[in-house]
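Participant: Sequence and computational prediction follow.
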Amino acid sequence: RTIALLLHALLLGGAGARSGARSAPSSLGPPSAPSVPSVELPDGTTLDMAHGTTTLSFVFDGGIIAAVDSRASLGKLVGSRTTDKVLPVTGHILGTMAGGAADCQYWIRALSAQVRLWELTEGSRATASAAANMLTSMLRQNRGAGLSVGTMIMGHGLEDEPCIFYLDDSGACVKGNMFSVGSGSSYAIGVLDAEHRPDMSVEEAADLAVRAIQRATHRDAFSGGYINVFHLTAEGGWRQIRRLDSAALPNPSVKADAPST
């Protein structure tokens, strides 16, 4: 039981991620977050569920870019620096994780099973909108159960248009073209707002995603580890295009030509 409680407390992002969700100005903002819970172990010890992460996604002319850090926190400790915060729903739909590790992984995998069953039954490829609606329905049925889930579901629609949806354990479902979720989201969305262009190449879009996550890892103590970048297209599905150690990257706050002290 102790091990199970500790695993449940291994957090990947802001609880429910609602307080850390940032979207482009044209998108509706998600609701405010509830208080952060804690876990009481069998020996009476209380483990505060301090948490944080940085995840982002945005649409550009070449498809969708998703980027995440890989640090998982366990209270005030770093539980892991190599956590995969992107889970495939299908070969053409991705989900990101911010919230409790157990909750996020369970519900995204449950969604994957539901979507694959639907595709087998219907004989066609599910859209991102259909996947988002399925997960929203499941989370709304369990609203108030103490879940900690904040995710972005991304893929394409019936006419191969790129789609990104932000969902959380309150049952919220918001569609937009740019989101950042987690404790480091305010730093990441600032970079995206300043530098995003629809006509970027895939390399330029990946570089922008890396810079945004890198900024968050240098400013947010709960974000760090590796920067993983994924690219989604309607034709080819998703593929990982970058994996960089954020600790090996230069401080983004220091200009390259600045004199050393």
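Facilitator: Ah, there it is. Residues are numbered from 1 along each chain as shown.
Participant: Quick check: residue 136 is in a helix.
Facilitator: Yes: assessed with DSSP: H, G, I helix; E, B strand; the rest coil, residue 136 lies in a helix.
Participant: Need the nearest residue in space to it, chain neighbours excluded.
Facilitator: residue 173 (4.3 Å; C-beta to C-beta, 6 or more residues apart in numbering). C-betas here are computed from N, CA, C, even on glycine.
Participant: surely that neighbour meets residue 152?
Facilitator: No: Residue 173 lies out of contact with residue 152 (C-beta atoms under 8 Å); the separation is 10.9 Å.
Participant: tell me the contacts of residue 84?
Facilitator: 70, 228 (C-beta atoms under 8 Å, 6 or more residues apart in numbering).
Participant: quick one on the thing from earlier: identify the bridge partners of the residue nearest to residue 136.
Facilitator: residue 167 (DSSP bridges).
Participant: For it, give me the pLDDT.
Facilitator: As predicted, residue 173 sits at a pLDDT of 96.
Participant: Please say which of residue 173 and residue 152 ends up with more neighbours.
Facilitator: residue 152 (28 against 19; other C-beta atoms under 10 Å).
Participant: That one: which element?
Facilitator: Using DSSP states H and E, residue 152 maps to strand 149-156.
Participant: again, but for residue 87
Facilitator: Per DSSP H and E: strand 86-88 holds residue 87.
Participant: picking that back up, between residue 173 and residue 152, which contacts overlap?
Facilitator: Going by C-beta under 8 Å, 6+ apart, residues that sit against residue 173 and also against residue 152 are 165-167.
Participant: Pop out the phi and psi values for residue 212.
Facilitator: Dihedral pair for residue 212: phi -70, psi -50, per degrees, to the nearest 10.
Participant: residues near it, how many?
Facilitator: 29.
Participant: Which parts of the stretch 51-200 of the chain are helices?
Facilitator: 101-122, 128-141, 185-195 (DSSP state H, counting those that start in this stretch).
Participant: and the ones you listed as JSON lines, adding mean neighbour count?
Facilitator: Putting these into JSON lines (neighbours: other C-beta atoms under 10 Å) gives the following:
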{"stretch": "helix 101-122", "mean neighbour count": "17"}
{"stretch": "helix 128-141", "mean neighbour count": "19"}
{"stretch": "helix 185-195", "mean neighbour count": "20"}
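Participant: Mean pLDDT and distance to residue 67 added to those, as CSV?
Facilitator: Output for the helices of the stretch 51-200 of the chain, formatted as CSV (pLDDT from 0 to 100; distance: least, C-beta to C-beta, whole Å):
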stretch, mean pLDDT, distance to residue 67
helix 101-122, 94, 17
helix 128-141, 96, 18
helix 185-195, 95, 8
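Participant: sec struct for the nearest residue to residue 52 once chain neighbours are set aside, please.
Facilitator: Leaving aside its sequence neighbours, residue 52 sits nearest to residue 222 (C-beta to C-beta, 6+ apart; 2.3 Å). Judged by three-state DSSP, the three-state class of residue 222 is coil.
Participant: what about stretch 173-190, how long is it end to end?
Facilitator: 23 Å (C-alpha to C-alpha, to the nearest Å).
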